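> Here you go, sequence then predicted model.
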Amino acid sequence: MFKKLINFLIEIVKVFIKNIIDIMLYLSYRFLSIKNNSLELSIEDLIKNHSICTSAPLHGNFAFPDFYSIYIITFLPPHQKISYIKLKDLVKENYNIFSVTFYDSSGKINEYYDDNIDSKEYITHNYCVSIIRIYSVNPINTLDSLIKEHNIKFDIIKKNTKYFTYFYNKLINLKKINIDKSINEFHFSKENLSLFFTNHRARYLILPIKDINQTIIITAKKPDCGINKSIRYFAFMTCNLSTTETDNCINYDDLEDEYTIFVVKSDNNSIINKYDRNNKSHKILLWKSSNDNPVLVYREIRIDNEGLFSLNKNASIDEIKKIMGKNYPKAIIIDNTT
């Protein structure tokens with residue numbers, strides 16, 4: 001009886017926290033939302049009127065960002081019509097994937113990318129946030145060109161991003177992410193990631209780490225990846241579950257066809273574990289020393305429904321290994337703490 005009462009109280013607390021998060025998000029949507037425009041807005045308008053821009057590690061390090069991407073975030077009012085007209089100066093040679101996603105405050109998500117953006121339109125039903133994601137060969141140059149072309153006052157954007165990052169971290173602390181750290185292989189997270197503005201064209205494998213003083217050695221064969229490929233992009237990230245910050249990132253462009261990644265707290269830590277500076281296939285991925293809740297993330301973006309996209313989030317590690325084959329990132333964890 002006592003156990004049932006405790007479980008009942010826990011569920012009440014969960015519902016209470018969820019309601020607080022929903023209310024806080026709704027208020028932020030209303031506060032940051034642009035005014036309704038009777039004319040339809042284009043992608044260029046979304047960029048000109050955006051409130052937040054994340055381009056980690058320089059700006060807006062939250063929601064597990066990738067260092068090779070730009071996220072342009074615009075808050076929209078109800079009944080606003082959006083027409084999808086591609087940016088004229090953004091050619092495919094400059095990016096791996098370009099997408100627009102609408103996150104309705106009711107929880108509905110609509111996403112469009114690359115080839116299916118042209119001649120599409122979207123009408124918001126409730127308060128809504130749009131995120132334009134640009135995975136770029138050179139995100140700093142891409143961002144600078146967008147700022148210059150659209151005469152964006154980026155100092156204001158940086159302030160908004162800083163405040164929203166603080167606010168977002170408070171929401172994360174309320175949510176209290178708990179992930180099983182006893183699993184020592186890359187696997188799908190069972191945690192609901194809806195608060196993290198997840199990308200529907202991406203799949204995430206996680207490897208929770210007990211201590212950043214451990215050394216993790218990742219080996220795999222690189223899949224066929226890039227422009228005009230089914231897999232547009234993949235990367236490994238060292239992240240902090242408590243803050244949802246990304247400490248460091250390495251993407252497919254940095255890797256040889258067969259690669260080994262040494263994930264360590266410091267460069268010196270890797271020398272004793274077979275890291276060879278002269279071997280081009282050996283790469284280093286670092287943790288920040290302040291990371292108290294580490295998790296390794298493998299992010300894969302593809303435009304078809306094959307591979308990881310053919311599996312549901314409850315797929316076993318064996319199923320993931322089978323579907324990925326030699327591309328599955330095998331991890332060896334070496335305990336340096338003893």
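Thanks, I have the structure now. Source: prediction; values computed, not measured. Residues are numbered from 1 along each chain as shown.
> What segments of the stretch 1-150 of the chain are helices?
Remark: helices assigned in the stretch 1-150 of the chain by DSSP state H, counting those that start in this stretch are 2-32, 43-48, 139-149.
> and those, which one is worst for confidence?
Ranked by mean pLDDT, the helices of the stretch 1-150 of the chain bottom out at helix 2-32, which scores a mean of 58.
> burial measure for residue 167, as a count.
15 (other CB atoms under 10 Å). In short, each C-beta sits where N, CA and C put it, glycine included.
> Confirm that it sits in a strand.
No - assigned with DSSP: H, G, I helix; E, B strand; the rest coil, residue 167 falls outside any strand and is helix.
> now it: how far from residue 110?
Distance of residue 167 to residue 110, given as CB to CB, to the nearest Å: 24 Å.
> same question, residue 291
According to CB to CB, residue 291 and residue 110 sit 34 Å apart.
> quick one, which of the two is more surrounded?
Neighbour count, other CB under 10 Å: between residue 291 and residue 110, residue 291 has more, with 21 against 15.
> beta partners for the spatially closest residue to the more buried one that is not a sequence neighbour?
Excluding its sequence neighbours, the residue lying closest to residue 291 (CB to CB, 6 or more residues apart in numbering) is residue 240, at 4.8 Å. Per DSSP bridges, the residues bridged to residue 240 are residue 294.
> need the contact list for residue 114.
Residues near residue 114 by CB atoms under 8 Å, 6 or more residues apart in numbering: 97-99, 303.
> what do you get if the cut-off is 6 Å, keeping everything else the same?
Listed by CB atoms under 6 Å, 6 or more residues apart in numbering, the contact set of residue 114 reads residue 98.
> Number of residues surrounding residue 212?
Residue 212 has 26 neighbouring residues, counting by other CB under 10 Å.
> residue contacts, it?
By CB under 6 Å, 6+ apart, the residues touching residue 212 are 265, 287, 291, 294.
> again with residue 276
Applying CB under 6 Å, 6+ apart, we find residue 276 in contact with residue 282.
> Apart from its neighbours in sequence, what residue is nearest residue 206?
Of all residues not flanking residue 206 in the chain, residue 189 sits nearest, at 4.9 Å (CB to CB, 6+ apart).
> now swap in residue 164 and tell me
The nearest residue in space to residue 164 (CB to CB, 6+ apart) is residue 52, at 5.3 Å.
> Low-confidence ranges, the stretch 201-338 of the chain, go.
Regions of the stretch 201-338 of the chain meeting the criterion pLDDT under 70 cover residues 267-273, 337-338.
> how about the strands of it, start to end?
Applying DSSP state E, counting those that start in this stretch to the stretch 201-338 of the chain gives strands spanning 202-208, 215-221, 231-240, 246-251, 258-264, 282-286, 294-302, 330-334.
> which one of these has the most crowded surroundings?
Of the strands of the stretch 201-338 of the chain, the one with the most neighbours on average (mean count of other CB atoms under 10 Å) is strand 231-240, at a mean of 24.
> ok, and what's touching it?
64, 66, 96-97, 135, 223, 225, 246-252, 285, 287, 291, 293, 295, 297-302.
> neighbours around the closest residue to residue 65 other than its chain neighbours, how many?
Of all residues not flanking residue 65 in the chain, residue 56 sits nearest, at 4.0 Å (CB to CB, 6+ apart). Close neighbours of residue 56, defined as other CB under 10 Å, add up to 23.
> who touches residue 56 in this structure?
Going by CB under 6 Å, 6+ apart, residue 56 touches 65, 67, 246.
> okay, these in TSV with distance to residue 78 next?
Output for those, formatted as TSV (distance: CB to CB, whole Å):
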residue	distance to residue 78
65	28
67	34
246	33
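> Residue 217 contacts residue 332, doesn't it?
Yes - Residue 217 lies in contact with residue 332 (CB atoms under 6 Å); the separation is 4.6 Å.
> re earlier: please tell me how far the residue nearest to residue 65 sits from residue 237.
According to CB to CB, residue 56 stands 10 Å off from residue 237.
> Domain map for this protein?
27-175, 187-334 (automatic domain parsing).
> I'd like to know which of those domains is closest to residue 181.
When the domains of the chain are compared by CB to CB, domain 187-334 sits nearest residue 181, at 4.2 Å.
> Return the distance of that closest one from the chain's centre.
With CA atoms, centre = their mean, to the nearest Å as the basis, domain 187-334 stands 12 Å off its chain's centre.
> Ends of that domain, what's the gap?
Using CA to CA, to the nearest Å, the end-to-end distance of domain 187-334 comes to 19 Å.
> The nearest residue to residue 122 once chain neighbours are set aside pairs with what?
The shortest distance from residue 122 to any non-neighbouring residue, by CB to CB, 6+ apart, is to residue 82 (4.6 Å). On DSSP bridges, the residues paired with residue 82 through beta bridges are residue 41, residue 122.
> and the gap between residue 141 and residue 278?
Distance from residue 141 to residue 278, counting by CB to CB: 31 Å.
> In terms of neighbours, single out the busier of these two.
Legend: neighbour count by other CB under 10 Å for residue 141 and residue 278, higher for residue 141 (11 against 5).
> And residue 67, how far from residue 253?
Separation of residue 67 from residue 253 (CB to CB): 12 Å.
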